[in-house]
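1. Sequence and predicted structure below; questions after.
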Amino acid sequence: MAEAVIRHDWTRDEVSALFALPFNELMYRAHSVHREHHDPNAVQVSTLLSIKTGGCPEDCAYCPQAARYDTGVQAQKLMSVDAVLERAKAAKAAGASRFCMGAAWRSPKDRDVVKVAEIVSAVKGLGLETCATLGMLSDTQAQSLKAAGLDYYNHNLDTAPEFYGEVIHTRQYQDRLDTLEHVRAAGMKTCCGGIVGMGESRDQRAGLLQTLANLPEHPQSVPINQLVQVEGTPLAGTEALDPFEFVRTIAVARLLMPASMVRLSAGRQQMDDAVQALCFFAGANSIFYGEKLLTTGNPDVEQDRALFRRLDLHPLEIVEADNTVHADILENETASASCGQGCGCSAAA
Ligand code: SAM
Ligand code: DTB
Ligand code: SF4
């Protein structure tokens, strides 16, 4: 098979044709491209922490943190540097190589960015890769975060342009594209993907992936989230997506963005291990590790360790400036014993 070229000119018909391939043909092609660019047995491991929870003014129909939906999420203000640092240390000890911090903001105020920049520098100082998702950013805010040591900025397109208006009304698709431009211009890597299972059509799933692949630069990280249905949000009760359709979405993402890390993101707790294994075969090579995403659950660390062992997967290592190599989630078992709070941290059990 000829080596996959990096393209930015995908048509909707081409992407839809990939979705429509016989399942085994699609899997074969996606796995072949995956092997050309990545170690097929390595999975990058990130840990997620909500550093500012709930009370968000936006109306994203999937989100438990939107203030207007009664979801039982308790709003919490921005965490202190020390509190975040504790959790980042625990994540590192448990074997995560990247620490992702999420805040339920429409867009941060400049004074929020000053505080987050402090947090980012402290986390970076631990030797972890840093990622943040704080909502829309101006060009100068993106520059400040880059200067503080932020490696990745997560900002999702969420869905196809033509389905977007059915999910979110409080900001536009173009706003998201503008933030991504500010992040790229500041020299940060982008983490950008979307959610499937929101009632969109296959053509609209193709539209999300087409838009991602036709960005000026492929996002270095592409999180594919399966909708986590939360009672109280408008999308609770949406018909569940066929798991094989989810796997197809991962496979097409891999074919369109051969060199990117494709993250099997939210929705793993609701997913069968066999479906996850198919996703890894189809080209997923990154996960969130730790018992909580932002406000909803993620598989237990023990369950993920067992899955890695059963599938002979190993965490992608990162080598620090002083040549030390990160802990492996399959080693260091005691360091990551759960504190019992569902946060994946080892402190004060
Ligand atoms: N407020 C910021 C924003 O929206 O950009 C950052 C945090 S927001 C929670 C980050 C992403 O989480 C969203 O873009 C969406 O893709 C994902 N997300 C939120 N709720 C979800 C759910 N119930 N199921 C799957 N993904 C979800
Ligand atoms: C992404 O694409 N998925 C993560 C991360 N980026 C920030 C968030 C998933 C959130 C799932 C719902 C929750 O836990 O609140
Ligand atoms: Fe707010 Fe982000 Fe949730 Fe939308 S996805 S409601 S912007 S926290």
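-> Cool, the structure landed. Ligands and ions are numbered 1, 2, ... in the order given.
2. In the stretch 101-250 of the chain, what residue lies closest to ligand 3?
-> Ranking the residues of the stretch 101-250 of the chain by distance to ligand 3 (CB to the nearest ligand atom) places A104 first, at 3.7 Å. (Glycine included, C-beta is placed from N, CA and C.)
3. Was I right to think N285 contacts V43?
-> Yes. Look at N285 against V43 with CB atoms under 8 Å: they come within range, at 5.5 Å.
4. Now do the shared contacts for these two.
-> L316 (CB atoms under 8 Å, 6 or more residues apart in numbering).
5. ok, back up a step: and for the residue of the stretch 101-250 of the chain closest to ligand 3, the neighbour number?
-> Neighbouring residues of A104 were enumerated by other CB atoms under 10 Å; the total is 26.
6. Now it. Its backbone dihedrals?
-> Note on A104: its backbone torsions stand at phi -80, psi 70 [degrees, to the nearest 10].
7. same deal with L157?
-> The phi and psi values for L157, taken as degrees, to the nearest 10, are phi -80, psi -20.
8. neighbours around it, how many?
-> As a measure of burial, L157 has 22 neighbours, counting by other CB under 10 Å.
9. Compute the distance between it and R305, please.
-> As judged by CB to CB, to the nearest Å, L157 and R305 stand 32 Å apart.
10. Repeat that for A30.
-> On the measure of CB to CB, A30 and R305 end up 26 Å apart.
11. Which one of the two is surrounded by more residues?
-> A30 (28 against 19).
12. show me where pLDDT drops low in this protein?
-> Within the chain, the ranges that satisfy pLDDT under 70 run 1-3, 318-349.
13. Do any residues in stretch 218-237 lie close to ligand 3?
-> No. Looking at stretch 218-237 against ligand 3 by CB under 6 Å from any ligand atom, there are no contacts, and the closest approach is 9.3 Å.
14. What is the end-to-end distance of that stretch?
-> 33 Å (CA to CA, to the nearest Å).
15. In that stretch, which residues are buried?
-> Buried residues in stretch 218-237, defined by neighbour count with 16 or more other CB atoms under 10 Å: 218-230, 233-236.
16. M198 belongs to a strand?
-> No. When the secondary structure is assigned by DSSP: H, G, I helix; E, B strand; the rest coil, M198 falls in coil instead of a strand.
17. was I right about it contacting Y164?
-> No. Taking contacts as CB under 8 Å, M198 lies outside contact range of Y164: 10.3 Å.
18. what's the helix or strand for the most centrally placed residue in the chain?
-> The central residue of the chain, meaning the one whose C-alpha is nearest the mean C-alpha position (CA atoms, centre = their mean), is P223 at 3.9 Å. Secondary-structure element containing P223, defined by DSSP states H and E: strand 221-226.
19. and that strand, what does it pack onto?
-> strand 152-154, strand 189-191, strand 194-196, helix 243-256, strand 261-264 (3 or more CB pairs under 8 Å, 6 or more residues apart in numbering; DSSP states H and E).
20. Figure out how far it is from the centre of its chain.
-> The chain centroid and the centroid of strand 221-226 are separated by 5 Å under CA atoms, centre = their mean, to the nearest Å.
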